[in-house]
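Student: here are the coordinates; sequence isn't available:
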């Protein structure tokens, strides 16, 4: 059966083909924009391209920025790490093969953190809520689930803007992560309890 609100390939409020074209256009613009993006300064410095790294730093942070001092600091830090590896009996990271670089602790630890964060985000329940937003609101008794879904989207965009303008740095990433996961846990439990009570016939409209 067709999803709720879909009749003959079109939605009651909007055409899914139009949404697909909009998404395709945004992805295409991002792809074309990335073709003109320079390599990261760290990548350039790691490959001995200091002149290009200085140019990229000036492009990213302004022509008045003292990019030479940052390049010098990076090179000194890299030399210190290489010397530490040699003293500990290991090999310089540049001498390792691609497979060996993935097995060193300095690569495994951030990779492990990234995987855990990604899995946590995917299994937090937000995707299920967004995908079935209209069905959830309709089943909850909301008269206009489309408007409610738009409000959810606006809230998402609003909080994303708040994070990008400095809230993430002010509050701290750990605080924001733990608070958002706690809020998501409470929300999922409340929603599950509300629909369970509705299924068993207990009216709890405040939920």
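Tutor: Perfect, thanks for sending it. Because the structure is predicted, anything quoted here is derived from the model rather than measured.
Student: Give me the nearest residue to residue 191, chain neighbours excluded.
Tutor: With Cβ to Cβ, 6 or more residues apart in numbering as the criterion, residue 191 has its nearest non-adjacent residue at 7.3 Å, and that residue is residue 136. Where you see a C-beta, it was placed from the backbone N, CA and C, and this is true even at glycine.
Student: now the helix or strand harbouring the one you found, how far from the chain's geometric center?
Tutor: Using DSSP states H and E, residue 136 sits within helix 133-139. Relative to its chain's centre, helix 133-139 lies at 26 Å (Cα atoms, centre = their mean, to the nearest Å).
Student: Identify each buried residue in that helix, please.
Tutor: Under the neighbour-count criterion of 16 or more other Cβ atoms under 10 Å, helix 133-139 has 133-134, 136-138 buried.
Student: before we move on, the earlier item: can you give me the pLDDT of the residue nearest to residue 191?
Tutor: In this model, residue 136 is scored at 81, pLDDT.
Student: Please list the outside residues in contact with the helix holding residue 136.
Tutor: Contact partners of helix 133-139, identified using Cβ atoms under 8 Å, 6 or more residues apart in numbering, comprise 4-5, 129, 145-146, 148-149, 152, 191, 195, 198.
Student: Following the chain past it, name the next helix or strand.
Tutor: helix 145-162.
Student: Following element in sequence after that next one, please.
Tutor: Assignment by DSSP H and E places the next element after helix 145-162 at helix 168-171.
Student: which residues does residue 181 contact?
Tutor: Applying Cβ under 8 Å, 6+ apart, the residues near residue 181 are 120, 124.
Student: tell me which element it falls in.
Tutor: Per DSSP H and E, residue 181 falls inside helix 173-199.
Student: What residues sit buried inside that helix?
Tutor: Counting neighbours by 16+ other Cβ under 10 Å, the buried set in helix 173-199 is 176, 184, 191, 194, 198.
Student: got TSV for those residues, with distance to residue 57 and pLDDT too?
Tutor: Shown next, in TSV, are these (distance: Cβ to Cβ, whole Å; pLDDT from 0 to 100):
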residue	distance to residue 57	pLDDT
176	28	82
184	38	83
191	47	82
194	53	81
198	58	77
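Student: would TSV of those with distance to residue 24 be doable?
Tutor: Converted to TSV, those look like this (distance: Cβ to Cβ, whole Å):
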residue	distance to residue 24
176	32
184	30
191	33
194	37
198	39
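Student: now for those residues, which pair is the farthest apart?
Tutor: 176 and 198 (32.6 Å; Cβ to Cβ).
Student: Residue 73 in helix, strand or coil?
Tutor: Per DSSP: H, G, I helix; E, B strand; the rest coil, the local secondary structure of residue 73 is helix.
Student: Tell me how far it lies from residue 163.
Tutor: Distance from residue 73 to residue 163, counting by Cβ to Cβ, to the nearest Å: 29 Å.
Student: which one of those two has more residues nearby?
Tutor: Between residue 73 and residue 163, counted using other Cβ atoms under 10 Å, the more crowded position is residue 163 (14 against 10).
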